[in-house]
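Trainee: Sequence first, then the predicted structure, then my questions.
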Amino acid sequence: MAQSKCTSTFECAQQSVDAAARADAAVQALQARVAKLEALETSLGNGRILAMIQVKNGQLSSTSSPNVSFDQTSGLVSFPNPRNLAFLPVVSDTNDVPYITQMHWIRAILPPDKFIVRAKAMDTGDRTWPPHNFTAVVVGFETPPKTR
């Protein structure tokens with residue numbers, strides 16, 4: 001904003017005070033934006049492993065995290081999430097054979113502490129069935145602050 005030429009000492013002083021107030025407001029707005037971005041960066045880099053799951057032949061393996069449950073019929077996996085973090089499950093196929101003909105996928109994510117896994121043939125997605133051999137890791141994240 002261009003300042004008009006002042007005609008008195010008082011007017012010049014008032015224009016200076018106004019300009020300083022505008023500059024201070026702009027600095028405060030930038031500081032707030034930087035704080036929000038730093039909080040977002042911290043929270044995104046603050047992932048936590050909530051659970052590790054291994055299912056072999058339809059049964060939950062003892063190598064899975066404590067307090068994890070798995071229902072083979074429905075494919076429902078439950079895990080502890082005491083802080084109710086937002087989470088993302090990642091599933092991978094496993095089997096003790098030279099090749100696999102099926103794949104596992106996440107059918108549903110059910111916050112705060114469940115997800116459903118299903119299996120399907122690699123040649124078609126039309127047929128699905130309960131999962132049998134897969135691993136999964138559940139990564140929890142602090143909810144990032146809302147930014148505008």
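Mentor: Nice, thanks for sending it over.
Trainee: where in this structure is pLDDT low?
Mentor: Applying pLDDT under 70 to the chain flags the ranges 1-3, 40-46, 125, 143-148.
Trainee: mind listing the strands for this protein?
Mentor: In the chain, the strands defined using DSSP state E lie at 48-56, 59-60, 69-71, 76-78, 86-93, 102-110, 114-121, 128-129, 134-141.
Trainee: Could I get the buried residue list for the first one?
Mentor: This points to strand 48-56. Across strand 48-56, burial judged by 16 or more other C-beta atoms under 10 Å covers 50-51, 53-56. For the C-beta atoms, the positions are set from N, CA and C on the backbone; glycine is no exception.
Trainee: again with stretch 108-126
Mentor: By neighbour count with 16+ other C-beta under 10 Å, stretch 108-126 contains the buried residues 113-120.
Trainee: before we move on, what about stretch 58-67?
Mentor: Neighbour count says stretch 58-67 has 60, 64 buried, by 16+ other C-beta under 10 Å.
Trainee: Endpoints of that stretch, how far apart?
Mentor: 18 Å (C-alpha to C-alpha, to the nearest Å).
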